[in-house]
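> Sequence isn't available, so here's the structure alone:
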């Protein structure tokens with residue numbers, strides 16, 4: 001690594017051998033973080049046991065403790081490059097073994113404990129050698145730069161490794177982001193129909209994080225940078241016909257997936273992050289997914305927050321004809337045309353705070369990040385193929401907050417009112433000057449309500 005990039009990142013990267021080592025350290029760190037997350041997720045998805053997840057964590061940690069001194073001794077006695085290479089080969093073996101277990105459908109905890117120990121052993125053996133190598137690869141005048149870059153590689157991999165896409169047991173990969181400290185109570189935020197995680201403004205998430213929440217957001221399947229289920233499911237017209245006739249069993253067969261599958265994705269992300277229970281918040285379709293999480297897996301939720309959503313009943317929460325037409329109309333494939341159609345959102349946004357420029361900026365960012373209109377109809381089919389949740393919501397015992405804007409013409413406020421009416425002891429917050437959006441002037445009120453509910 002030479003030239004301008006090497007100079008900007010650090011003069012030690014001008015040295016070829018150190019540059020190769022540094023790239024290896026980054027790759028090793030990221031891969032080890034991903035392996036540790038994957039092993040924990042696989043075990044938890046098989047047994048839904050926090051105890052088993054704890055054993056996996058212990059197995060990954062024990063080698064670091066037990067081999068701290070022996071590994072340093074080995075790095076001093078044997079060629080360090082050879083020791084580091086051995087640890088990398090062992091890591092590859094762990095990854096291959098984990099793939100083999102998954103393909104074979106193995107559910108027993110013991111094999112995963114063995115691979116967790118092996119992953120921890122690989123990291124414990126390779127770390128002392130990796131830390132010592134820079135001193136012999138660069139001249140003394142570049143040693144300070146080399147050590148700084150080595151530290152950057154280690155710290156970056158600890159952040160980037162888990163932040164890369166998480167692959168779930170059902171084959172779906174989810175792109176996610178976090179804000180705040182993982183030591184704080186987790187708050188999983190589920191985005192709505194055909195909308196990427198970037199629609200949660202960074203400052204909005206930061207406000208919740210400053211309130212003491214570990215905020216987790218993600219792209220739903222068929223949206224953003226998460227998995228695309230190309231070619232799956234029947235045409236949307238067939239799903240609509242089956243659901244309209246009350247044949248939800250057939251509608252579910254025809255749809256590529258349902259809200260239940262999407263709720264499993266959300267809870268699978270929590271499991272991949274080693275989180276047993278969390279506060280779950282959803283907006284619009286995300287509220288429907290969050291409700292499904294609470295209905296089907298109440299043991300995983302600390303609280304439920306349903307924002308500008310509904311119950312699935314056709315008699316409440318219905319859009320105006322104009323808003324529905326604008327929502328379902330295809331958007332242009334060219335960037336300028338796509339951004340121009342952001343004006344459609346004015347139909348359902350706050351009348352007092354329309355924030356059109358913000359809507360255009362989000363449209364531009366969304367287009368540049370991932371333009372994928374093919375996934376829109378499959379997400380729509382998931383909602384249509386999922387029956388109303390009336391009876392299940394009546395039985396729900398999860399502490400629930402329902403928030404709805406009175407200006408909402410996309411999901412009428414009657415949807416929020418009905419949700420709060422059905423869920424025992426639910427709290428209903430109706431906000432003036434809020435439509436099917438989250439205008440900045442209302443962030444304080446929204447965050448205060450969410451933080452109070454999740455306290």
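That came through fine. Just so it is clear, the model here is predicted, and its values are computed rather than measured.

> What residue spans form the domains of the chain?
3-164, 173-453 (automatic domain parsing).

> Check the ones you listed for me and report the most buried one.
With neighbours taken as mean count of other CB atoms under 10 Å, the domains of the chain reach their highest mean count in domain 173-453, at a mean of 19. Yep, even glycine has a C-beta here, placed from its N, CA and C like the rest.

> Now do the end-to-end distance for that one.
Taking CA to CA, to the nearest Å, domain 173-453 runs 30 Å from one end to the other.

> Can you redo the domains of the chain as TSV, where the extra columns are mean pLDDT?
Formatted as TSV, the domains of the chain follow (pLDDT from 0 to 100):
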stretch	mean pLDDT
domain 3-164	79
domain 173-453	96
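
> so residue 217 sits in a helix?
No: assessed with DSSP: H, G, I helix; E, B strand; the rest coil, residue 217 is strand; it does not lie in a helix.

> Tell me the helix or strand right after the longest helix that the chain contains.
Secondary structure assigned by DSSP state H gives helix 16-47 as the longest helix of the chain. Counting by DSSP states H and E, the next helix or strand C-terminal to helix 16-47 is helix 50-66.

> Contacts for that next one next, please.
Here helix 50-66 makes contact (CB atoms under 8 Å, 6 or more residues apart in numbering) with 36, 39-40, 43-44, 109, 112-113, 116-117, 119-121, 123-124, 274, 276.

> ok, 6 Å please
With contacts defined as CB atoms under 6 Å, 6 or more residues apart in numbering, helix 50-66 is touched by 36, 39-40, 43-44, 109, 113, 116-117, 120-121, 124, 276.

> Give me the angle between that helix and helix 16-47.
Note on geometry: by axes from the mean of the first three to the mean of the last three CA atoms, to 10 degrees, helix 50-66 and helix 16-47 are set 150 degrees apart in direction.

> Please compute how far helix 50-66 lies from its chain's middle.
Relative to its chain's centre, helix 50-66 lies at 24 Å (CA atoms, centre = their mean, to the nearest Å).

> Can I take it that residue 194 is in a helix?
No: going by three-state DSSP, the assignment for residue 194 is coil, not a helix.

> what residues are up against it?
The contact partners of residue 194, by CB under 6 Å, 6+ apart, come to 376, 379.

> cutoff 8 Å now
The contact partners of residue 194, by CB under 8 Å, 6+ apart, come to 223, 375-376, 379.

> again with residue 226
Counting by CB under 8 Å, 6+ apart, residue 226 makes contact with 165, 172-175, 218-220.

> rewinding a little: could you dump the contacts of helix 50-66 to a markdown table with distance to residue 345?
Below are the contacts of helix 50-66 laid out as a markdown table (distance: CB to CB, whole Å):
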| residue | distance to residue 345 |
| --- | --- |
| 36 | 41 |
| 39 | 43 |
| 40 | 40 |
| 43 | 43 |
| 44 | 38 |
| 109 | 49 |
| 113 | 50 |
| 116 | 47 |
| 117 | 52 |
| 120 | 49 |
| 121 | 53 |
| 124 | 53 |
| 276 | 37 |
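
> which of those residues lies closest to residue 432?
Residue 432 lies nearest to residue 276 out of those, by CB to CB, at 37.9 Å.

> SS state for that closest one?
Counting by three-state DSSP, the backbone at residue 276 sits in coil.

> Run through the helices of the stretch 151-300 of the chain in chain order.
With helices called from DSSP state H, counting those that start in this stretch, the stretch 151-300 of the chain shows them at 202-210, 236-244, 248-254, 259-272, 285-296.

> likewise the stretch 351-455 of the chain?
Going by DSSP H, counting those that start in this stretch, the stretch 351-455 of the chain shows helices at 356-369, 374-384, 390-394, 413-422, 443-453.

> from the chain's centre, how far out does the last one sit?
For helix 443-453, the distance between its averaged C-alpha position and the chain's averaged C-alpha position is 22 Å (CA atoms, centre = their mean).

> Other residues contacting that helix?
187, 203-204, 207-208, 211-213, 279, 281, 303, 305, 399, 401, 403, 427, 429, 431, 438.

> wait, what's in contact with residue 222?
Contacts here follow CB under 8 Å, 6+ apart; on that basis residue 222 touches 228-229, 256, 372, 374-376, 378-379.

> Straight-line length of stretch 341-348, end to end?
End-to-end distance for stretch 341-348, by CA to CA: 14 Å.

> what does it rub up against?
Outside stretch 341-348, the residues that touch it by CB under 8 Å, 6+ apart are 319-320, 322-323, 326-327, 329, 331-332, 354, 356, 359-360, 362-363, 407-410, 435-437.

> run the last query once more with 6 Å
Residues from elsewhere that reach stretch 341-348 (CB under 6 Å, 6+ apart): 322-323, 326, 331, 354, 359-360, 363, 409-410, 435-436.

> Having no further points to raise, I will conclude here.
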